[in-house]
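Asks: Next input, structure requested:
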Amino acid sequence: MLIVKSENRQTLALPLCRRTDGSTGAVALKVIHPNVGDNMVRDIELLSVLTSTLELVPSLRWLGLSAAVGEFEKLILDQVDMQREARNLVLVVRCLCHNSVPQPF
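Replies: Numbering: from 1, shown residues only. Predicted coordinates:
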């Protein structure tokens with residue numbers, strides 16, 4: 001059993017991962033805190049409005065700020081997509097053929 005304590009003193013007990021060969025190992029966790037997705041979307045919208053406003057200045061259009069925010073949005077929202085993370089992990093396992101990579105479930 002793996003015990004994890006967070007900053008707000010909550011304790012989470014996690015069982016060790018059981019592999020297909022019957023052995024056990026530590027589990028890899030990726031935690032998304034409540035409202036993180038909503039906060040990220042709101043922040044991206046704010047950045048979009050700010051960059052659109054800045055691009056009203058002709059001398060700033062060449063910076064391509066809106067395109068940069070669009071690219072940033074795609075990258076950052078992918079970080080909270082747990083289904084994408086699981087697919088990527090399966091791909092890593094498949095490509096590396098390595099037993100020490102955690103299995104998604």
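Asks: hey, let's count contacts and neighbours off CA atoms from now on
Replies: OK.
Asks: since we're on residue 48, how many residues are nearby?
Replies: Counted with other C-alpha atoms under 10 Å, the neighbours of residue 48 add up to 19.
Asks: same deal with the one 10 residues further on?
Replies: Each residue near residue 58 was counted by other C-alpha under 10 Å, and the total is 8.
Asks: Residue 91 too?
Replies: 12.
Asks: in what helix or strand does it lie?
Replies: Assigned by DSSP states H and E, residue 91 falls within helix 82-96.
Asks: Any figure for the gap between residue 57 and residue 30?
Replies: Applying C-alpha to C-alpha, to the nearest Å, the value for residue 57 to residue 30 is 41 Å.
Asks: Next: residue 82.
Replies: Remark: distance between residue 82 and residue 30 (C-alpha to C-alpha) = 8 Å.
Asks: in the helix holding residue 91, what's buried?
Replies: 89-90, 93 (16 or more other C-alpha atoms under 10 Å).
Asks: now stretch 50-64
Replies: Neighbour count says stretch 50-64 has 51, 54-55 buried, by 16+ other C-alpha under 10 Å.
Asks: Render the CA-only coordinates of that stretch in CSV, please.
Replies: What follows is stretch 50-64, C-alpha atoms only, in CSV (Å, rounded to 0.1, in the frame of the first residue of the first chain):
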residue,chain,number,x,y,z
LEU,A,50,-6.1,40.3,-24.8
THR,A,51,-4.3,39.1,-27.9
SER,A,52,-7.2,40.1,-30.2
THR,A,53,-7.2,43.6,-28.6
LEU,A,54,-3.4,43.9,-29.0
GLU,A,55,-3.7,42.8,-32.7
LEU,A,56,-5.9,45.9,-33.3
VAL,A,57,-2.5,47.8,-33.2
PRO,A,58,-1.2,47.3,-36.8
SER,A,59,2.5,47.2,-35.7
LEU,A,60,1.7,44.2,-33.4
ARG,A,61,-0.1,42.0,-35.9
TRP,A,62,3.1,40.5,-37.2
LEU,A,63,3.7,38.9,-33.8
GLY,A,64,0.9,36.4,-34.5
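Asks: So which residues of this protein form helices?
Replies: Using DSSP state H, the helices of the chain run over 36-54, 65-78, 82-96.
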